[in-house]
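Asker: sequence and predicted structure are below.
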Amino acid sequence: MFFMANQKTNSTRRTSRRIHLRISFEVAGHDENGQHFSTGAQTRNISREGGCLLLDRDLKLGDLIRLKSPKGSLFIAKICWANYDMQRNVRQAGFKLSSNRGWVLHEPSRENSPLFFNRMI
């Protein structure tokens, strides 16, 4: 099945800045055909609310995935957008965490605070 490029929704706009950071995760969920999968993926960038994954599966908007970090931390996330770049053969998916507790980035206080990295991932 052909996967539409640049599928996006405007209802889940990011409210924090992105940091370019590559982190490997094991990702599990259901692909666009409803088939269960578990595969390795890498972040392209992250924010304190979610990030962008580079992976080998086409995902649907609104689907839930489970991210497992190299140290075993688990995160549930919702797919906010997905695209496939045919020229580069790259699949990307933007995700928003259901909870950012224990996530890589967090801001301990309000705006203008520095970002802190969580080394527990």
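Answerer: Nice, I can see it. Quantities reported herein were computed from a predicted structural model and do not represent experimental measurements. Numbering: from 1, shown residues only.

Asker: and Q87, how many neighbours?
Answerer: Q87: 5 surrounding residues under other CB atoms under 10 Å. Any C-beta I mention is one placed from the backbone N, CA and C, and that applies to glycine too.

Asker: where does the prediction get shaky in the chain?
Answerer: For the chain, the stretches with pLDDT under 70 are 1-15, 106-121.

Asker: now do the strands in it.
Answerer: With DSSP state E as the criterion, the chain has strands at 7-8, 24-30, 36-46, 50-55, 64-68, 74-85, 90-97, 105-106, 116-117.

Asker: check which helices and strands the longest one sits against.
Answerer: Applying 3 or more CB pairs under 8 Å, 6 or more residues apart in numbering; DSSP states H and E, one finds that strand 74-85 makes contact with strand 7-8, strand 64-68, strand 90-97.

Asker: would TSV of the ones you listed with distance to R44 be doable?
Answerer: Formatted as TSV, the helices and strands packed on strand 74-85 follow (distance: least, CB to CB, whole Å):
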stretch	distance to R44
strand 7-8	15
strand 64-68	14
strand 90-97	7
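
Asker: just name the most buried of those strands.
Answerer: strand 90-97 (a mean of 20; mean count of other CB atoms under 10 Å).

Asker: and V90, bridged to which residues?
Answerer: V90 forms beta bridges with D85, as assigned by DSSP bridges.

Asker: and it, how far is that from L97?
Answerer: 22 Å (CB to CB, to the nearest Å).

Asker: so which of the helices and strands packed on strand 74-85 comes closest to E26?
Answerer: Ranking the helices and strands packed on strand 74-85 by proximity to E26 (CB to CB) places strand 64-68 first, at 4.3 Å.

Asker: give the pairing partners of the closest one; include direction for each.
Answerer: strand 24-30 (antiparallel), strand 74-85 (antiparallel).

Asker: okay if I get these as CSV plus mean neighbour count and distance to E49?
Answerer: As requested, those are exported to CSV (neighbours: other CB atoms under 10 Å; distance: least, CB to CB, whole Å):
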stretch, mean neighbour count, distance to E49
strand 24-30, 18, 16
strand 74-85, 18, 10
